[in-house]
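# Next one to model:
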Amino acid sequence: MATFDEGISETLSLLRRKGGMTRAEIVAETGLSRSAVNLRIDALLQARLVSGSARETVMKGRPAEVFSFNSERGKLLAADVGATKFRAGLCNLGGDVESEIELPSDVTAGPEVLLTSILKCFETFLADTGTSADEILGIGLSLPAPVKRGSGMSVNPPIMPLWNRFDVPAWFGERFASPVFLEKDANAMAYGEARFSHPEADDLLLVKIGTGIGSGVIREGRLYRGADGAAGDLGHIPMSLPGDDEGPLCKCGNHGCLEARAGGWAILRDLRESGADVSSQDDLIAALAAGDPAAVQLARRAGQAIGTAVATAVNLLNPRVVVLAGHLVAAGGDHLLPAIRERVYSRSLPLATADLTIVASSLHPREGLVGLAHLVSDGILEPAQIGRLVEREPTD
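So this is what the prediction gives:
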């Protein structure tokens with residue numbers, strides 16, 4: 001038998017999926033008794049998480065009341081952080097982004113500096129929209145780093161060591177009373193693509209190709225984080241064997257990782273060593289856009305390495321869709337995608353690729369923010385959190 005919080009969360013989830021429903025329709029859909037449905041709907045109405053309206057009908061008599069999710073019950077704040085930029089947004093309770101801004105970032109400077117910049121954006125959103133801090137029901141932050149599951153901390157992040165075990169929820173907790181969710185950036189991107197671009201795909205792999213390389217996994221319709229939150233760290237798959245040249249040094253401390261061969265920072269390193277006057281990811285993007293021969297050749301070589309790693313992931317996970325995302329895909333997709341596709345289709349098992357689709361992200365550059373907003377929305381409306389918004393009642 002479901003607890004009260006589980007029942008409330010299940011009913012609200014149903015209304016979010018199906019749209020407006022009457023009490024009778026909820027009874028028919030769930031198999032619950034009329035009294036159980038009444039109890040749940042009354043609690044959701046009192047909490048203002050749903051609203052009721054009369055259904056239009058040509059029949060005589062009192063029209064049935066239709067209940068719908070109230071996405072304006074409160075607001076969410078979210079910030080998708082990359083190595084060189086972050087995108088912050090103000091969202092409604094349903095996760096729809098209402099205001100957003102993109103600004104430069106430097107994750108190597110440490111958490112206090114970057115979080116203060118993000119907080120200023122959040123405060124500007126509140127001031128511009130007349131929203132009070134009490135109306136904020138949840139906050140989300142995604143990082144280009146491994147995040148220990150359920151801890152709110154990144155553990156030994158290769159490109160941002162000053163963030164190691166920094167308690168992000170506690171930092172925001174001094175300023176907001178709402179729960180704070182910390183997520184790996186590729187996970188948030190995968191969630192956004194699965195929710196909006198590929199809702200038909202229960203199994204999806206997103207590969208982020210930016211300054212670094214990472215991936216997010218949707219397995220049987222749910223975000224898969226692994227036992228500790230380390231699932232999908234594609235960038236640190238070794239691309240050499242014992243006895244081979246150990247390969248370039250990676251920021252994680254190992255040699256020969258995929259990211260050290262094909263990440264944005266690695267391509268920039270190799271382009272600079274070729275004699276090009278480049279110093280930033282923006283310079284690399286400009287070189288690719290201009291068709292610089294050396295940059296194009298390096299991008300194609302990176303695509304072959306990434307494709308080899310993705311082929312391994314396809315054999316292991318058997319996704320229906322592989323989404324390629326990140327600023328290098330947006331800037332150099334014409335050079336990366338063909339090489340990745342060729343490697344995946346030639347090196348994965350035929351059964352795994354027979355119905356496989358490999359596409360570029362359709363949400364760039366907002367896939368992380370969009371996915372993060374919906375992760376926060378779903379998180380605060382799950383049984384573990386929804387009790388903060390709804391008066392507790394006995395178990396039904």
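# Pull up the distance across stretch 246-264, start to finish.
End-to-end distance of stretch 246-264 (Cα to Cα, to the nearest Å): 20 Å.
# Give me the residues contacting it.
With Cβ atoms under 8 Å, 6 or more residues apart in numbering as the test, stretch 246-264 has contacts from 158-159, 209-213, 234-240, 244, 265-266, 269, 281, 284, 301-303, 305-306, 309, 326-328. (Glycine included, C-beta is placed from N, CA and C.)
# Could you list the low-confidence segments of the stretch 251-396 of the chain?
Counting by pLDDT under 70, the stretch 251-396 of the chain contains low-confidence ranges at 392-396.
# Going along the chain, name the strands of it.
Assigned by DSSP state E, counting those that start in this stretch, the strands in the stretch 251-396 of the chain fall at 321-325, 357-360.
# can you redo those as CSV with mean neighbour count and distance to residue 226?
Putting the strands of the stretch 251-396 of the chain into CSV (neighbours: other Cβ atoms under 10 Å; distance: least, Cβ to Cβ, whole Å) gives the following:
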stretch, mean neighbour count, distance to residue 226
strand 321-325, 26, 19
strand 357-360, 16, 23
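# Among the ones you listed, which comes closest to residue 100?
Taking Cβ to Cβ, strand 321-325 is the member of these nearest to residue 100, at 17.3 Å.
# Give me the number of neighbouring residues for the closest residue to residue 374 other than its chain neighbours.
For residue 374, ignoring the flanking residues on the chain, the nearest one in space by Cβ to Cβ, 6 or more residues apart in numbering is residue 95 at 3.8 Å. Residue 95 sits with 24 neighbouring residues when counted by other Cβ atoms under 10 Å.
# Would you list the buried entries among the contacts of stretch 246-264?
Buried by 16 or more other Cβ atoms under 10 Å: 158-159, 209-213, 234-239, 265-266, 281, 284, 301-303, 305-306, 309, 326-328, out of those.
# List of residues touching stretch 129-139?
Contacts for stretch 129-139 (Cβ under 8 Å, 6+ apart): 73-78, 90, 93, 98-99, 122, 125-126, 172, 175-181, 376-377, 379-380, 389.
# So residue 391 sits against residue 46, correct?
Yes. The criterion here is Cβ atoms under 8 Å, and residue 391 meets it with residue 46 at 6.3 Å.
# How far does stretch 339-356 sit from its chain's centre?
25 Å (Cα atoms, centre = their mean, to the nearest Å).
# residues of it that come out buried?
Those would be 339, 340, 341, 343, 344, 345, 348, 352, 353, 356, for stretch 339-356 by 16+ other Cβ under 10 Å.
# Give me the most central residue, this structure.
Most central in the chain under Cα atoms, centre = their mean is residue 188, positioned 0.7 Å from the mean C-alpha point.
# That one: what secondary structure?
When classified by DSSP: H, G, I helix; E, B strand; the rest coil, residue 188 comes out as helix.
# so where do the helices sit in the stretch 201-350 of the chain?
258-262, 264-273, 281-289, 293-317, 327-347, 350-353 (DSSP state H, counting those that start in this stretch).
# So what's the gap between the longest one and the chain middle?
Pointing back at helix 293-317 there. What separates the centre of helix 293-317 from the centre of its chain is 22 Å, taken as Cα atoms, centre = their mean.
# buried ones in it?
So helix 293-317, judged by 16+ other Cβ under 10 Å, has buried residues 295-296, 298-299, 301-303, 305-311, 313-314, 317.
# could you dump the strands of the stretch 251-396 of the chain to CSV with distance to residue 257?
Shown next, in CSV, are the strands of the stretch 251-396 of the chain (distance: least, Cβ to Cβ, whole Å):
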stretch, distance to residue 257
strand 321-325, 19
strand 357-360, 22
